[in-house]
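Participant: let me see the structure of the following:
(one chain, ligands or ions: 3)
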Amino acid sequence: MPALVLLGAQWGDEGKGKATDLLGGSVDYVVRYQGGNNAGHTVVVGDQKYALHLLPSGILSPGCTPVIGNGVVVDPAVLLSELSGLNARGVDTSKLLVSGNAHLITPYHTTVDKVTERFLGKRKIGTTGRGIGPAYADKINRVGIRVQDLFDESILRQKVEAALDMKNQLLAKLYNRRAIEVEQVVGELLGYADEIRGYVADTTLILNNAVDEGKVVLFEGGQGTLLDVDHGTYPFVTSSNPTAGGACTGAGVGPTKINRVIGILKAYTTRVGAGPFPTELFDEDGDALRTIGGERGVTTGRDRRCGWFDAVIARYATRVNGLTDFFLTKLDVLTGWERIPVCVAYEIDGKRVEELPYSQTDFHHAKPVYEMLPGWSEDITRAKTFADLPKNAQGYVKALEEMSGAPISAIGVGPGRDETIEINSFL
Ligand code: GDP
Ligand code: IMO
Ligand code: MG
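Facilitator: Ligands and ions are numbered 1, 2, ... in the order given. This next block holds a predicted model:
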């Protein structure tokens, strides 16, 4: 099973970091293919907790080569500080490979992200403020700066000039901010060049060779399906493609090489930032999910919005990603509820709708139709097999599987590496 994609099936924070780390020990390469340091992936190894933002979660597995693919946007300051933070904790990061074609997030992208959000006012997206959208906008506008540009001072200066030409007009005339100096940006970027140079490689060549040789390559998505710029709840999305197709463009590996696509699915739903969320709870159940589930953003520290499981979204994730499996996480968080509501369909303007509506207006009007499933009160955090789960927890998992359209092949019952029930092997 050489090439697998592992991605978020909801609005991010499903537990991708834990799932990737879990497989990391048996995988040769773990590849980030989109997004940047807007991601926040928590990995718990024994009594150690790591928060990764830009680096692939495979960096914590000694035998695994972590790769930052061409589709990622790289903030060089964040890259170096995350590396030195891990080095200080004894993690060997020397195997990291970074695509020379990945685009850079520069200080002006972060500035533009923040001022744009302020300018949007009530209509803001609630971005992470990390410069993600503006960096991808420059890539598509063909005025982006790539990692490889760090190594040619004259090209770098020309490109920074081109990028700042229009942006400075906007900053000064529209946003009432001071213009950004070309030389200051060039100087800062050149300051990172020597430290980054050793990691840069032709990652598409390396990854294609690896797949052809039968090595195991895991593509790790950031964010989630409903935050995808094409398939998510636009405009309340991130600016890249976390869905499975993004792994192909963001790593330079063709779709015929991918064997398995695993959707990470939380046993309930959360969302950070603005945008529609049909099963969102504003009552004590929502507070309880937030508290028990520790639902606070790893990147921005914002409280996550919480709600019940939404099977319409899970089915949609199966469809747009071609999912072969689900990894259901955080089942333990639901312990203690007598009855657990699960959204099986929506009611939109008086009509029952089984599939995610493509119309933004309809989705904003969607009201969840709930089915009540019996809960359980036994502690499940030590369960090692499906049979160890109480009958009602087994029933909950089976019901979700039937509604979601792909087999649930693993279940998370706690944040640690070993707090996982494996049903079908991923490798
Ligand atoms: P990611 O962005 O998808 O990697 O997810 P985050 O790390 O942002 O959020 C998931 C949180 O849930 C982290 O704090 C994980 O340690 C934690 N977690 C992952 N799987 C489980 C699980 O099965 N049970 C519990 N209780 N926590 C989990
Ligand atoms: P992980 O990988 C949850 C959300 C932001 C905002 C929208 C756009 O940890 O699952 P951006 O800064 O990307 O332009 O913000 O996307 N967002 C996430 N929400 N988990 C994430 O990553 C996210 N990355 C971005 O809150 O609503
Ligand atoms: Mg996260």
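
Participant: count the neighbours of Lys215 for me.
Facilitator: Around Lys215 there are 16 other residues, counting by other Cβ atoms under 10 Å. Where you see a C-beta, it was placed from the backbone N, CA and C, and this is true even at glycine.

Participant: who's in contact with the residue of the stretch 1-150 of the chain found nearest ligand 2?
Facilitator: Nearest residue of the stretch 1-150 of the chain to ligand 2: Gly12, at 2.6 Å (Cβ to the nearest ligand atom). Gly12 makes contacts with 39, 222-224, 227, 242, 271-272, as judged by Cβ atoms under 8 Å, 6 or more residues apart in numbering.

Participant: residues from the stretch 1-150 of the chain in reach of ligand 1?
Facilitator: Contact residues (Cβ under 6 Å from any ligand atom) of the stretch 1-150 of the chain with ligand 1: 8, 12-18, 39-42, 44.

Participant: now with 8 Å?
Facilitator: Counting by Cβ under 8 Å from any ligand atom, the stretch 1-150 of the chain comes close to ligand 1 at 8, 12-20, 39-44, 49, 51, 57.

Participant: what's in contact with stretch 115-129?
Facilitator: By Cβ under 8 Å, 6+ apart, stretch 115-129 touches 37-38, 110, 113-114, 133-134, 171, 174-175, 177, 235-238, 272-275, 299-300, 302.

Participant: give the rounded mean pLDDT of the longest strand along the chain.
Facilitator: In the chain, taking DSSP state E as the definition, the longest strand is strand 339-348. Average pLDDT, strand 339-348: 98.

Participant: over to stretch 6-16?
Facilitator: Rounded mean pLDDT across stretch 6-16 is 98.

Participant: is ligand 3 contacted by it?
Facilitator: Yes: for stretch 6-16, a contact with ligand 3 is found by Cβ under 5 Å from the ion, at Asp13.

Participant: ends of that stretch, what's the gap?
Facilitator: 7 Å (Cα to Cα, to the nearest Å).

Participant: quick one on the thing from earlier: tell me, which of the contacts of Gly12 make contact with ligand 2?
Facilitator: 39, 222-224, 227, 242, 271-272.

Participant: closest to Gly90 among those residues?
Facilitator: Among these, Ala39 lies closest to Gly90 (Cβ to Cβ), at 23.1 Å.

Participant: next, count neighbours for that closest one.
Facilitator: Ala39, neighbours per other Cβ under 10 Å, totals 31.

Participant: Thr243 too?
Facilitator: Residues near Thr243, counting by other Cβ under 10 Å: 29.

Participant: over to the spatially closest residue to it that is not a sequence neighbour: give its phi and psi.
Facilitator: Spatially, and ignoring its direct neighbours in sequence, Thr243 is nearest to Asp228 (4.7 Å; Cβ to Cβ, 6 or more residues apart in numbering). Dihedral pair for Asp228: phi -70, psi 140, per degrees, to the nearest 10.

Participant: my read is Glu371 is in a helix, agree?
Facilitator: No: counting by DSSP: H, G, I helix; E, B strand; the rest coil, Glu371 is not found in a helix; it is strand.

Participant: quick one: the helices in this protein?
Facilitator: 16-24, 76-88, 107-120, 132-140, 153-169, 182-197, 203-212, 244-251, 284-292, 311-321, 360-365, 391-404 (DSSP state H).

Participant: touching, Tyr346 and Ser359? I think so.
Facilitator: No: using Cβ atoms under 8 Å, Tyr346 makes no contact with Ser359, being 12.0 Å away.

Participant: of these two, who's got more company?
Facilitator: More crowded of Tyr346 and Ser359, by other Cβ under 10 Å: Tyr346, with 23 against 9.

Participant: fine, thanks again, bye for now.
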